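Asks: heads up, no residue letters with this:
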C-alpha cells in the first residue's frame, strides 16, 4: 500500500457569512494551538470550572449542570432529547423548519412519540397551535427552536411557551444553536428547562464542544429515569460524574475544543452579553437595510439577526449565487434547505463574523452577482447599509 | 449576573507519558490554528477525501467506509457497536480490562445480549475460551480490544480470532484505540470487519475526531438493519451520505479536528507506517529495559509497547507517584483502573511522545520518586535504558 501523497494544509481564506461556522477570532485560533494537558490533570479540572462558569454567564443561568458536550451541536441536541425522553413519553416538536424533523427522529429513537405543531417555513409557531397540541395530547415535553437556522425565524415570547408547558406539567427543551451568544436568551428568567447550542455560530469557536444547560426539574427527570439512556456517549447520568464534584473519568474530553470554547466565551464576557446581543442586532440591521434597499426581501416574518434569509428573484437559483460568491469573492453564504430549497439565501451575521466590514463586502459582492437582474439596485443597497451602519 | 473574571489560558507545560492524550506535534498544533472553511465548502470536501485516504493507509485497508467520527474515541466505539448490534443480537465482549465493560454497556443499550469471555486483568484472552463462548452461545458479533489501555495487554494473533468468528458467521469489532498508528495493525490482512481508534493516542492529534473503518460485510449488515440505530448522531446509515459521494449535510463536522487529524496522519505517512511501528517498539523497549533494571516489573503478560503497566512495590500508592511526577517534573503518567486500581502505573509511549528523551526523563523522575524504596536501583534503570536506546 503506497503512502498517500497529501500536501500541506492550505485551505482557501474564506469570509464565513453563512449559517455557520462563523469566522473564528484569532485569539481563539491561538488557544487551539496551545499544548495539551491531560483531561484529568488538576489544571484541566480548574479550566472545566471556568468554562462552566462562563457558559452559565452566556446562558444567563445558575444551573449547576451547564457543560460542554463532546461533539458538535447535534450531539448536544441528542444529549438533551435522549436524556429527557423516556419510552412512552409524548414530545411536541416544531414543523416550521429543518431542525424539528431532526428532533423528532431523536425522540423516536428514544422510544418517545412525537406531536408536530406546524407553521409555514418562514413563520414562527403560533402559541394557540401549541396550546391545542397540549389540549389534545397532554405531552411530557415541549421542544422548540429559538432561532431556526433553516428559515431565519426567531421564535418570539419564549416565556409564554415555557409557561404553557409548565402549566401542563411538561418540561421544555430549547434549541439555542443560532441564538446563544448573539441574540437575547435568558434561560433562568424564561424558565427554560434545557437548552443547547453549538460552538461555531454566534460564539465563533470551532465546532466540537457544544454548550448544554439543564435546570433542576430536567436533572430530576433524568436522575429518576427507569430505562437507560440510549447512547452511552451522551448519557448525562454518567457524564455528570466527570463534570460534577467527583471529576471521575467517563470519556476523554476534546481538550483543545474546550480551550477554544473557553477563549471564545472569555471574549463574550469581555464584550458583555447585552452589548454582544446589541452588536448582532445593529450589524444585522445594516445587512437587512441593504438587502431591502437593493430590492430583495427577507423570507422570514420574525427576524433572526444572526441568520438572515433572503428571497431570491424567481429566475435565479440559489446555488448560482452561492457558487459565485465563493469562487469570486471567497465569501461563504448558503442556499435554502427543505421547503425553502432553491428559493433563498441564508446570510449569517454571527459572532466574530458580525462586523460592519463583512456586511459591506457581502452586499457589494451580492450586488455584483445580482446587479443585472430586474428590480435589483446594488448601489442603493450599499448606500442604505452604510447609512444604517454609521449610526 | 457578574461577568466571570477568567484570565488568560496558561496551562502548565506537561510531558504527556500517560494513557493519552500524548504530546501533540507542533505541526499538528499549527494546523489547529488554521482559519476555518465551511463543512460543505468544496475545499473541505477535497480535504475529507485526503483524510479518508490517509486513514486507510494507517489502518492498512481499502475499506471505502473509513471515516473520522465527530467525537472522541468512545464515540467511535459506540458508532461501531450501536450500528452493528441489532436488538436480539448476541455479542461476545472481553472481561480482561476496563473497556470490555464499556462495550457491554453499549451493546445492551442497543438491545443486544452480551457474553463475557474472562481472563485476569493483565493477560490476553485465550482463544480456547473464545471458542467455548462461540460453541455455547452462537454469537453474532465478537468484540475485543487489540491493546487494552487499562492493563497494557496486547491481544496476540488477531487473525486467529477473526477466523474463528467468520467460521461461525459472526462479525468482528476491534478496539484499536491504543494500537492504531503505533503498533502493528492490519485491518484487511487480518480480516477485521470493524475497527475504531482515537486521535490522542499513537496518532498524537487532539481528541475530537476519531478513526473508524468498516468492511463490506459490516456495511452490509448495517444497511440491512430492520431497526433504527439508537443514536441519530452516530447513525452510519445517515452519516454515509456526508462522507460518501453525495456529501449531503448530516451534521457539522468538527472542522478543526479534521485539520489536525489530517496533519497527524500526514506525519505518520511521512514516517512510514512500518517505521512508525518499529519506532514505538524500539523506544518502548528502552523504557521496559529501564523499568526492569530498576527493579520493577511489568504487570502485563503480553507486552503492549504503546502502554506499559508497571507493578508498584506493595507499600507505594499509585497516586503518590503520579502526583509527584506531575507536580515535581510536569510529567503525566497514570495510575491503575478497575481491578488494577492503586497497584500499577500506566506509562504511555505513544506517537510524538514516543521519543528517547521522554523515556529518559520519565525513568529519571521515577528513580527520584521511588529511589528510597527497597529494591529500587534508579541508576541501573537509567543505565539500562540508555544502553538499550543507543542501539
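Replies: Ah, there it is. Nothing here was measured: the structure is a model prediction, and the numbers come from that model.

Asks: can you pull the domain assignment for chain A?
Replies: Following the assignment in automatic domain parsing, chain A carries domains at A:26-270, A:273-390.

Asks: of these, which is nearest residue B:380?
Replies: Each of the domains of chain A was checked against residue B:380 via CB to CB, and the shortest separation belongs to domain A:26-270, namely 29.5 Å. No exception for glycine: its C-beta is placed from N, CA and C like everyone else's.

Asks: got the residues of the stretch 251-391 of chain A near chain B?
Replies: Contact residues, the stretch 251-391 of chain A versus chain B (CB under 8 Å from any CB of the partner chain): A:251-257, A:259-260, A:262-263, A:265-266, A:269-270, A:272, A:326, A:332, A:334, A:337.

Asks: so residue A:58 sits right up against residue A:273, yeah?
Replies: Yes. With contact defined as CB atoms under 8 Å, residue A:58 counts as touching residue A:273 (6.0 Å).

Asks: list residues touching both of the two?
Replies: Here residue A:58 and residue A:273 share the contacting residues residue A:181, scored by CB atoms under 8 Å, 6 or more residues apart in numbering or on different chains.

Asks: what residues does the helix or strand where residue A:213 lies touch?
Replies: Secondary-structure assignment from DSSP states H and E places residue A:213 in strand A:210-214. With contact meaning CB under 8 Å, 6+ apart, strand A:210-214 is reached by A:55-56, A:58-59, A:61, A:63, A:65-69, A:71-73, A:75-76, A:79-80, A:180, A:187, A:193-199, A:203, A:222, A:236, A:261.

Asks: for it, which strands pair with it and how are they oriented?
Replies: strand A:65-69 (antiparallel), strand A:194-196 (antiparallel) (DSSP bridges).

Asks: want to throw those strands into CSV with mean pLDDT and mean neighbour count?
Replies: Below are the strands paired with strand A:210-214 laid out as CSV (pLDDT from 0 to 100; neighbours: other CB atoms under 10 Å in any protein chain shown):
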stretch, mean pLDDT, mean neighbour count
strand A:65-69, 96, 25
strand A:194-196, 98, 29
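
Asks: nearest to residue B:92, out of the ones you listed?
Replies: Ranking the strands paired with strand A:210-214 by their distance to residue B:92 (criterion: CB to CB) puts strand A:65-69 first, at 30.9 Å.

Asks: on contacts alone, who are the packing partners of the very next helix or strand once past the closest one?
Replies: Sequence-wise, the next helix or strand downstream of strand A:65-69 (DSSP H and E) is helix A:73-84. Contact partners of helix A:73-84 among helices and strands, from 3 or more CB pairs under 8 Å, 6 or more residues apart in numbering or on different chains; DSSP states H and E: strand A:65-69, helix A:98-109, strand A:171-175, strand A:194-196, strand A:210-214, helix A:216-223, helix A:236-243.

Asks: tell me what the helix or strand of chain A with the lowest mean pLDDT is packed against?
Replies: Across the helices and strands of chain A, the lowest-confidence element by mean pLDDT, DSSP states H and E is helix A:236-243, at a mean of 82. Helix A:236-243 makes packing contacts with strand A:65-69, helix A:73-84, helix A:216-223 when contacts are defined by 3+ CB pairs under 8 Å, 6+ apart.

Asks: nearest residue to residue A:362 in space, please, no chain neighbours.
Replies: If the residues on either side of it in the chain are set aside, residue A:362 comes closest to residue A:17, at 5.2 Å by CB to CB, 6 or more residues apart in numbering or on different chains.

Asks: what's the burial count for that neighbour?
Replies: Counted by other CB atoms under 10 Å in any protein chain shown, the residues lying close to residue A:17 total 28.

Asks: how much space between it and residue B:134?
Replies: As for residue A:17, its distance to residue B:134 is 57 Å (criterion: CB to CB, to the nearest Å).

Asks: pLDDT at residue A:257, what is it?
Replies: The predicted structure scores residue A:257 at 98 on the pLDDT scale.

Asks: residues contacting it?
Replies: So, once contact is read as CB under 8 Å, 6+ apart, residue A:257 ends up touching A:68, A:70, A:199, A:205-206, A:208-209, B:206, B:208, B:254, B:256-257.

Asks: and if you look at residue A:209?
Replies: Applying CB under 8 Å, 6+ apart as the definition, the contact partners of residue A:209 turn out to be A:68-71, A:199, A:253-254, A:257-258, A:260-261, B:208.

Asks: over to residue A:359?
Replies: For residue A:359, the residues meeting the contact criterion (CB under 8 Å, 6+ apart) are A:283, A:286-287, A:290, A:349, A:385, A:389.

Asks: which residue is the nearest non-sequential neighbour of residue A:345?
Replies: For residue A:345, the closest residue by CB to CB, 6+ apart turns out to be residue A:310, at 4.5 Å.

Asks: go on, residue A:191?
Replies: With sequence-adjacent residues excluded and distances taken as CB to CB, 6+ apart, residue A:191 is closest to residue A:162, at 4.6 Å.

Asks: on the three-state scheme, the one you found is what?
Replies: Following DSSP: H, G, I helix; E, B strand; the rest coil, we place residue A:162 in the helix state.

Asks: ok, now residue A:202?
Replies: Look at residue A:202: counting by three-state DSSP, its state is coil.

Asks: could you check how far it is from chain B?
Replies: When CB to the nearest CB, to the nearest Å is applied, the distance between residue A:202 and chain B equals 14 Å.

Asks: so where is the stretch 101-250 of chain A shaky, pLDDT-wise?
Replies: Across the stretch 101-250 of chain A, no stretch falls below the confidence threshold (pLDDT under 70).

Asks: close to chain B: what parts of it are there?
Replies: A:102, A:105-106, A:108-109, A:198, A:200, A:206-209, A:228-234, A:249.

Asks: from these, list the buried ones, please.
Replies: Among these, those buried by neighbour count (16 or more other CB atoms under 10 Å in any protein chain shown) are A:102, A:105-106, A:109, A:198, A:200, A:206-209, A:229-234.

Asks: quick check, nearest of those to residue B:173?
Replies: Nearest to residue B:173 among those is residue A:232, at 14.5 Å by CB to CB.

Asks: that closest one sits in which helix or strand?
Replies: With DSSP H and E as the criterion, the answer for residue A:232 is that it lies in no helix or strand.

Asks: if we can go back for a sec, which of the contacts of residue A:359 sits closest to chain B?
Replies: When the contacts of residue A:359 are compared for distance to chain B (CB to the nearest CB), residue A:349 comes out closest, at 15.5 Å.

Asks: please name the nearest non-neighbouring residue to the closest one.
Replies: Closest residue in space to residue A:349, ignoring its immediate chain neighbours: residue A:284 at 4.1 Å, by CB to CB, 6+ apart.

Asks: residue A:354 is in contact with that neighbour, correct?
Replies: Yes. Under the criterion of CB under 8 Å, residue A:284 is in contact with residue A:354, at a separation of 6.9 Å.

Asks: okay, and the common contacts of those two?
Replies: The contact sets of residue A:284 and residue A:354 overlap at residue A:306 (CB under 8 Å, 6+ apart).

Asks: show the end-to-end separation of stretch A:22-33, please.
Replies: Stretch A:22-33 has its terminal residues 19 Å apart, counting by CA to CA, to the nearest Å.

Asks: turn the contacts of residue A:257 into CSV, including secondary structure and distance to residue B:243.
Replies: Below are those laid out as CSV (DSSP: H, G, I helix; E, B strand; the rest coil; distance: CB to CB, whole Å):
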residue, secondary structure, distance to residue B:243
A:68, strand, 25
A:70, coil, 20
A:199, coil, 21
A:205, coil, 24
A:206, coil, 19
A:208, coil, 17
A:209, coil, 21
B:206, coil, 21
B:208, coil, 17
B:254, coil, 13
B:256, helix, 18
B:257, helix, 15
